[in-house]
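Asks: Sequence and computational prediction follow.
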Amino acid sequence: MRCPYCGHAEDRVVDSRELGDGSQVRRRRECLACQKRYTTYERIEEVPALVVKRDGQREPYDRSKVLGGLVRACEKRPVTSRQLEAMADAVEAALGRKDDREIRSDEIGQILMARLRELDQIAYVRFASVYRRFEDIEQFLTELERLRREREVEA
């Protein structure tokens, strides 16, 4: 591991701890040359998962794409990065439960929409509008009306 500050190749681990469900380790390191500290994350390398797109194409699963979509949906909303990471973790957990290492893009969308609906309804509608390809105001209104009815039933 090279120090991000000075580029020196030797460091020492100051602290290690498991994150979440134990699938990731956070390490605090100290450079032996400049004594600055930095954090690294370690996770198990797995067989790459494939996402089956709507048109049948397959592409490698990319966590950053999932997080990017969530960040756009949650822009200027009271949603923390930790909550976004937890949603991406939920997608990866679903992948881990599958035997064939393939997941349909609509499965990913359903997992994320279910989480967003509980977390922040504005972010949910934003995400759903892209995911479901809303083409006019009527589709927005239909989704908003469905959310309103669900809220009334819960109350």
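Replies: Here it is on my side, so go on.

Asks: For the most centrally placed residue in the chain, identify the helix or strand it belongs to.
Replies: With distances taken as C-alpha atoms, centre = their mean, the residue of the chain nearest its centroid is A88 (2.4 Å). Assigning secondary structure by DSSP states H and E places A88 in helix 81-97.

Asks: Send me that helix as PDB with only the CA atoms.
Replies: Output in PDB follows, covering the C-alpha atoms of helix 81-97 (Å, rounded to 0.1, in the frame of the first residue of the first chain):
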ATOM      1  CA  SER A  81     -24.200   8.600   2.700                       C
ATOM      2  CA  ARG A  82     -24.300   5.800   5.200                       C
ATOM      3  CA  GLN A  83     -28.000   5.200   4.300                       C
ATOM      4  CA  LEU A  84     -27.100   5.100   0.600                       C
ATOM      5  CA  GLU A  85     -24.300   2.600   1.300                       C
ATOM      6  CA  ALA A  86     -26.800   0.400   3.200                       C
ATOM      7  CA  MET A  87     -29.000   0.400   0.100                       C
ATOM      8  CA  ALA A  88     -26.100  -0.600  -2.100                       C
ATOM      9  CA  ASP A  89     -25.300  -3.300   0.400                       C
ATOM     10  CA  ALA A  90     -28.900  -4.600   0.200                       C
ATOM     11  CA  VAL A  91     -28.400  -5.100  -3.600                       C
ATOM     12  CA  GLU A  92     -25.100  -6.900  -3.000                       C
ATOM     13  CA  ALA A  93     -26.700  -9.100  -0.400                       C
ATOM     14  CA  ALA A  94     -29.400 -10.000  -2.900                       C
ATOM     15  CA  LEU A  95     -26.700 -10.900  -5.300                       C
ATOM     16  CA  GLY A  96     -24.900 -13.000  -2.700                       C
ATOM     17  CA  ARG A  97     -28.100 -15.100  -2.200                       C
END
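
Asks: got a list of what R29 touches?
Replies: By C-beta atoms under 8 Å, 6 or more residues apart in numbering, the contact set of R29 is M1, D11, R12, V13, V14, R37, Y38, T39, T40. (Glycine included, C-beta is placed from N, CA and C.)
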